[in-house]
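Peer 1: Show me the folded form of this:
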Amino acid sequence: MAFCASCGNDYGQAASCPNCGTPQGYSATPTAGASSNTLAMWTHLGPLVVGLVGSFAIVPALLTWLPPLIIKQIRPNDEFLKRHANESLNFQLQWLIISLPLAAVLTLFTVFTLGFGALLVVPLVAVLGILLMIMMILAAVAASNGKEHKYPFMLFRLVKN
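Peer 2: Numbering: from 1, shown residues only. Sure thing, here's the model as predicted:
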């Protein structure tokens, strides 16, 4: 049994739907293409890789915004890729802007509590890091499946689509 993507009518073995004429194999939702999906996926995974490498050095961790910016330039006319790259870029820039003052405040808190604040700060930073990684992985999965994705908890967007 085969069903029409447009009207849902069963058209059996026919080459097109007898009800509305839609050709067999027609998809109501166009796919973005495998290479676009792969590049869009890497706009989300690239910062994750840079961030994990950067956890051993501060400078690479500050460059998590670079992979989506570079990948976006590969195909400037690909709208699907552009939307994912902009979303990833906004996410990375937002967390870079938030994390710098947050790191300063948490460091001061730890110093002023003579190190006891680390008992609160270290688990808090670990949980936040895990949540950010999960959000990037979910976005990468959506991109690889050709779906749109918006990051949750976005306070502002610096890069417009």
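Peer 1: doesn't Gly129 make contact with Trp95?
Peer 2: No. Using CB atoms under 8 Å, Trp95 is not in contact with Gly129; the gap is 10.2 Å. From N, CA and C alone the C-beta is placed, and that goes for glycine too.
Peer 1: Of the two, which one has the most company?
Peer 2: Legend: neighbour count by other CB atoms under 10 Å for Trp95 and Gly129, higher for Trp95 (22 against 14).
Peer 1: Helix, strand or coil: sort out Thr43 for me.
Peer 2: Under DSSP: H, G, I helix; E, B strand; the rest coil, Thr43 falls in the helix class.
Peer 1: For it, give me its contacts.
Peer 2: 67-68, 71-72, 81, 84-85, 87-89, 143 (CB atoms under 8 Å, 6 or more residues apart in numbering).
Peer 1: right, and out of those, which lies closest to Ala14?
Peer 2: Ranked by distance to Ala14 (CB to CB), the contacts of Thr43 are led by Ala143 at 35.3 Å.
Peer 1: Please state the mean pLDDT value computed over stretch 48-55.
Peer 2: Here stretch 48-55 scores 86 as its mean pLDDT.
Peer 1: ugh, typo on my part, it should be stretch 125-137
Peer 2: 95.
Peer 1: who's in contact with that stretch?
Peer 2: Contacts for stretch 125-137 (CB under 8 Å, 6+ apart): 44-45, 47-48, 51, 88, 91, 95, 106, 151-152.
Peer 1: Next: stretch 73-89.
Peer 2: Contacts of stretch 73-89 (CB under 8 Å, 6+ apart): 32-33, 36-37, 39-40, 43-44, 46-47, 65, 67-69, 71-72, 136, 139, 143, 146, 148-151, 159-161.
Peer 1: From the contacts of stretch 125-137, which land in helices?
Peer 2: With helices defined by DSSP state H, the entries of those inside them are 44-45, 47-48, 51, 88, 91, 95, 106.
Peer 1: quick one: which of these is most hemmed in?
Peer 2: Busiest of these [other CB under 10 Å] is Ser88, holding 32 neighbours.
Peer 1: Please report how far that one lies from Pro76.
Peer 2: Applying CB to CB, to the nearest Å, the value for Ser88 to Pro76 is 16 Å.
Peer 1: Helices along the chain, start to end?
Peer 2: Using DSSP H, helices in the chain cover 34-54, 58-61, 66-74, 79-112, 118-144.
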